[in-house]
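> predicted model, plus sequence, below.
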Amino acid sequence: MVNKSARAWALAAALLASTSVHAETVGPVTDDLGVVEIPKGQPILIGGYSSQSGGDTNQGIDELRGAEIAIGDAGGSVLGFPVKLIGEDAQCTAEGGQTAASKLAGNRQIVVVVGPSCSSGARVGAPILWNVGISSIAFGATSPALTAPDRPDGFKGFLRSVPNDLKSGQFTAAYVYDKLGLKTAATIHDGSPYTEQLVQAFAKDFTAKGGKIVAAEAISPSDTDLRPVLTRIAQSKPEAIFSPVFVSSIGFLLRQKQEVPDLKNTLIIGGEGTFSANTIEAAGPSIVGFRIVGPSTDLFSSQFPKFVEKFRSEYGEAPIGGFSAYGYDATLLALDAIKAVGKTDADGNLYIGRKALHDALMASKGVSGLTGTLTCDANGDCGAATYAIWEFVSDDPSSFSPGTNPKRIYP
Amino acid sequence: MTAAAETKAPGPLSEWLRRSTWVDHILLAIRIVVALVVLVGLVGSIAADTYSAESWISFIVFGLTIGSVYALIALGYTMVYGILRMINFAHGDVMMVGSFAGLFAANALAGAGVTSALPLLALPLILAAGMAAGALVSIGIERVAYRPFLHVRSLAPLICAIGLTFILEYSARGLFGTRNRAYPGFGWMEGSVVVFGITLQIVQIIAFAAAIVMLAGLLAVVRLTPLGKAMRAVAEDRDAAALVGIDVARVIVATFAIGGAMAGVAGVLYALVFKQITVFMGFFLGVKGFAAAILGGIGNLGGAMLGGLVLGLAEALGPALLLEGFHIPAPYQLKDVIGYGMLVLVLIFRPQGLLGERLSTKRA
């Protein structure tokens, strides 16, 4: 019995030791978080986790395709070593993020990870990776909490090429207050971290400008009857309602707003989650005039059109929105950092210090990416915010085409 | 001390104290706390004076509309339970199938020009499509998930029905896709009418009227027809019913078919009111319908109707009427808490539901 428990303790201790990070010296490199040794001729492994199943599959596939093109553009190699991308499915859930990150963290040869697509996956996945010293660069997780100055230590290894929602909130507040001159607004979120933090960011910036949030409401994503909550909001007569909720909810909101007399002419601004043809079908005729804040690919860098052509010839279809560009930029940052810190010995083996790599990533400055110029701040936000306000002009779902329906109206 | 004083009957309070146990005391305490919370909330909300009279009327209309949909779903649940003592958990997804059948019928009718030529005929045809699809799927569910367990006392049918919800949802996903589908409206149904100064959407009136008509129809079937008599006999004692020559299997199939048709009607009316449907909508609405059936007293048709309307009203009115007084921010995210909280409280004090009867030992 004693023997058994002693063995169990020893096993637990060994497991613990195997997953914790520690300073080590391998070849010419000494690093506080450990060193990855890549023997000559072997590939540099980059992990990638994104939504490969579930409702956000198209986004996840595009992001990893963007990463593949970035590797291709670098000639498929860095410092003379071939680069290999290992993709995992993070779905768009905490469980998916945990599973994918655990798989990647278990492979000690992985140098850096790009992904995931969603904040829920990053929230669980990023600390698992950082626990073994692996930095991750998200291409779809936009939640402000992930790069907040007071974030837990587990997120210190987290960076992102996609802009923080705070920037989206800031942009929307500036549009509503400065451009439209509206002074009162209401917000509706659906309880998800993305929508809740985005409306908070909007409310903070809108109030700071001198605007007033007259109602801050919440619904549940499964709610179908929003008329009671709209009636409540109507009591305070807001000039605009900011609600970055998803397709079903925005469909109900826009249709039922017509039944609440005081809100008939109130401007509704949605989030990028509704940037799809399906929103037109969900909202029917009430879609006309609906505005959303979302990234604008025509404000991306001048290299983007060339990238689209390359994407099309590689995969036989056009990329969806800007997802693949964020995947490209995350990989670009990773490759640049590897180039900066990788050291070879006399035998031609490559050594990469994990902490050195992280420091190099955080120090990225003025990198010319597809989405714009990437500069990482002290909290790991590297994205170039290129937002625009889009307005739907037709209720025919087949007319969906960014640029014409919805039409970019600002800037 | 006189003899008269000694023989004086104890007052009701001391009699209650003598007979009651600590459970009764806790229940009384809960009652008092609930009553106080409701009272404080009500007074606070009314004192806050946030809403105009029109708003309150709107809340009631919204509550009755969604309540009618819940009631229609609850009617199907309660019908099957009343006869068979079984819960058909796939009922919500039968509703979804009915809703999609109605959508395809509506698109076909619009394509053939029937909707514009005979707008009043289109609605019954769409409802018929929803009812037929609901009944067919429901009969299939009975065949797969219930009939094999007819003579076995087990929870297997429940688990089978839950499994079928996934089969229905994901089959529909494969066939129809995951995107939200817009439901077409008919010109005459899109408008509103003013009744006693209250603006009512025509479609809301239709949903409410349909729920009443369906309830009346079901009651008529159960009370007045030979099939209804057979259903009641099966509900009372399945073996005895078989002994007197009733084809129990046929009655059960008929019960499922009628329940499924109810779900089909609910699906179409829901879609006409809320204008968009998805393949995953059946789950949450099914749970709400089930809650309404329990609230009203499962097995009781009138109870299902009442339960649906009460649940709808609680959701629409509750946040404004109770939570406003406590200055709770964003009270509408708690509407389900109010709805289900009310369900729990009703069941604590009246386990058989609002209109339910206590089941005899045998039937229970």
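Looks like it arrived, so ask away. Numbers count the residues shown, from 1 in each chain, chains lettered A, B, ... in the order given.
> give me the nearest residue to residue B:241, chain neighbours excluded.
Among residues not flanking residue B:241 along the chain, residue B:233 sits closest, at 4.1 Å (Cβ to Cβ, 6 or more residues apart in numbering or on different chains). From N, CA and C alone the C-beta is placed, and that goes for glycine too.
> got the residues of chain A near chain B?
A:55, A:191, A:216-220, A:222-225, A:227-229, A:231-232, A:234-235, A:247-248, A:251-252, A:255, A:259-261, A:278, A:281-284 (Cβ under 8 Å from any Cβ of the partner chain).
> just to revisit the earlier point, residue contacts, the residue nearest to residue B:241?
Going by Cβ atoms under 8 Å, 6 or more residues apart in numbering or on different chains, residue B:233 touches B:240-241, B:244, B:246.
> ok, and the closest non-adjacent residue to the one residue in the stretch 151-300 of chain B that gets nearest to chain A?
For the stretch 151-300 of chain B, the residue closest to chain A is residue B:180, as judged by Cβ to the nearest Cβ, at 3.9 Å. Closest residue in space to residue B:180, ignoring its immediate chain neighbours: residue A:282 at 3.9 Å, by Cβ to Cβ, 6+ apart.
> wait, that neighbour sits on residue B:274?
No - using Cβ atoms under 8 Å, residue A:282 is not in contact with residue B:274; the gap is 10.6 Å.
> the two - which one has more neighbours?
For residue A:282 and residue B:274, the more surrounded residue by other Cβ atoms under 10 Å in any protein chain shown is residue A:282, and the numbers stand at 30 against 23.
> so how many other residues sit close to the residue of the stretch 151-300 of chain B closest to chain A?
Residues lying near residue B:180 (other Cβ under 10 Å) number 24.
> tell me the mean pLDDT for stretch A:282-296?
If you average the pLDDT over stretch A:282-296, you get 88.
> can you check stretch B:292-304 too?
On average, the pLDDT along stretch B:292-304 is 89.
> how near is the closest residue to residue A:164 other than its chain neighbours to residue A:146?
With Cβ to Cβ, 6+ apart as the criterion, residue A:164 has its nearest non-adjacent residue at 4.9 Å, and that residue is residue A:381. According to Cβ to Cβ, to the nearest Å, residue A:381 and residue A:146 sit 9 Å apart.
> where do the contact lists of these two overlap?
What both residue A:381 and residue A:146 touch, as defined by Cβ under 8 Å, 6+ apart, is the set residue A:160.
> residues of the stretch 1-150 of chain B that sit close to chain A?
Residues of the stretch 1-150 of chain B lying near chain A by Cβ under 8 Å from any Cβ: B:50-52, B:55, B:58-59, B:62-63, B:65-66.
> redo that, cut-off 7 Å
B:50-51, B:55, B:58-59, B:62, B:66 (Cβ under 7 Å from any Cβ of the partner chain).
> most neighbours among those residues, which one?
Most neighbours among the residues of the stretch 1-150 of chain B next to chain A, by other Cβ under 10 Å: residue B:66, with 28 neighbours.
> how near is it to residue A:256?
Distance of residue B:66 to residue A:256, computed by Cβ to Cβ: 11 Å.
> ok, residue A:27 next?
65 Å.
> of the two, who's got more company?
The neighbour count for residue A:27 versus residue A:256, taken as other Cβ under 10 Å, is higher for residue A:256 (23 against 15).
> so that one touches residue A:227, yeah?
Yes - when contacts are counted by Cβ atoms under 7 Å, residue A:256 is listed as touching residue A:227 (4.9 Å).
> just want the most central residue of chain A.
Chain A has residue A:140 as the residue nearest its centroid, 2.0 Å off, counting by Cα atoms, centre = their mean.
> now do the contacts for that residue.
A:50, A:59, A:63, A:116-118, A:162, A:323, A:326 (Cβ atoms under 7 Å, 6 or more residues apart in numbering or on different chains).
> which parts of the stretch 251-364 of chain B are helices?
B:281-296, B:301-318, B:335-349 (DSSP state H, counting those that start in this stretch).
> point out where chain B drops to low pLDDT.
Chain B contains residues with pLDDT under 70 at B:1-9, B:357-364.
> and the longest helix for it?
helix B:53-84 (DSSP state H).
> so which bits of that one are buried?
If you call a residue buried by 16 or more other Cβ atoms under 10 Å in any protein chain shown, then helix B:53-84 has these buried ones: B:55, B:57-84.
> and the following helix or strand past it, what does it pack onto?
Remark: after helix B:53-84, the chain's next helix or strand is helix B:91-112, criterion DSSP states H and E. Secondary-structure packing of helix B:91-112 (3 or more Cβ pairs under 7 Å, 6 or more residues apart in numbering or on different chains; DSSP states H and E): helix B:53-84, helix B:119-141, helix B:156-176, helix B:248-274, strand B:276-277, helix B:281-296.
> the same query, at a cut-off of 6 Å, please.
helix B:53-84, helix B:119-141, helix B:156-176, helix B:248-274, helix B:281-296 (3 or more Cβ pairs under 6 Å, 6 or more residues apart in numbering or on different chains; DSSP states H and E).
> residue contacts, residue A:144?
Residues near residue A:144 by Cβ atoms under 6 Å, 6 or more residues apart in numbering or on different chains: A:164-166, A:197.
> how near is the residue nearest the centre of chain B to chain A?
Residue closest to the mean C-alpha point of chain B, counted by Cα atoms, centre = their mean, is residue B:74 at 2.7 Å. Separation of residue B:74 from chain A (Cβ to the nearest Cβ, to the nearest Å): 16 Å.
> just residue B:140 next, same as before
Applying Cβ to the nearest Cβ to residue B:140 and chain A gives a distance of 26 Å.
> and stretch A:320-333, which residues are buried?
A:321-333.
> secondary structure element for residue B:194?
Element membership of residue B:194 [criterion: DSSP H and E] is strand B:192-195.
> show me what the helix or strand following that strand pairs with in its sheet, parallel or antiparallel.
Using DSSP H and E, the next helix or strand after strand B:192-195 towards the C-terminus is strand B:198-201. Partners of strand B:198-201 in the sheet, by DSSP bridges, are strand B:192-195 (antiparallel).
> any idea how far the strand it pairs with is from the chain center?
Distance, stretch centre to chain centre, for strand B:192-195: 27 Å (Cα atoms, centre = their mean, to the nearest Å).
> restrict it to CA atoms and write it as PDB.
Written as PDB, here are the backbone C-alpha positions of strand B:192-195 (Å, rounded to 0.1, in the frame of the first residue of the first chain):
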ATOM      1  CA  SER B 192     -52.200  45.800 -37.100                       C
ATOM      2  CA  VAL B 193     -55.600  46.700 -35.800                       C
ATOM      3  CA  VAL B 194     -56.700  49.100 -33.000                       C
ATOM      4  CA  VAL B 195     -58.900  47.500 -30.400                       C
END
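> how is chain A carved up into domains?
Domain segmentation of chain A under the TED database yields A:28-163+A:300-385, A:166-296+A:388-410.
> in CSV: those, plus distance to residue B:333.
Below are those laid out as CSV (distance: least, Cβ to Cβ, whole Å):
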stretch, distance to residue B:333
domain A:28-163+A:300-385, 19
domain A:166-296+A:388-410, 4
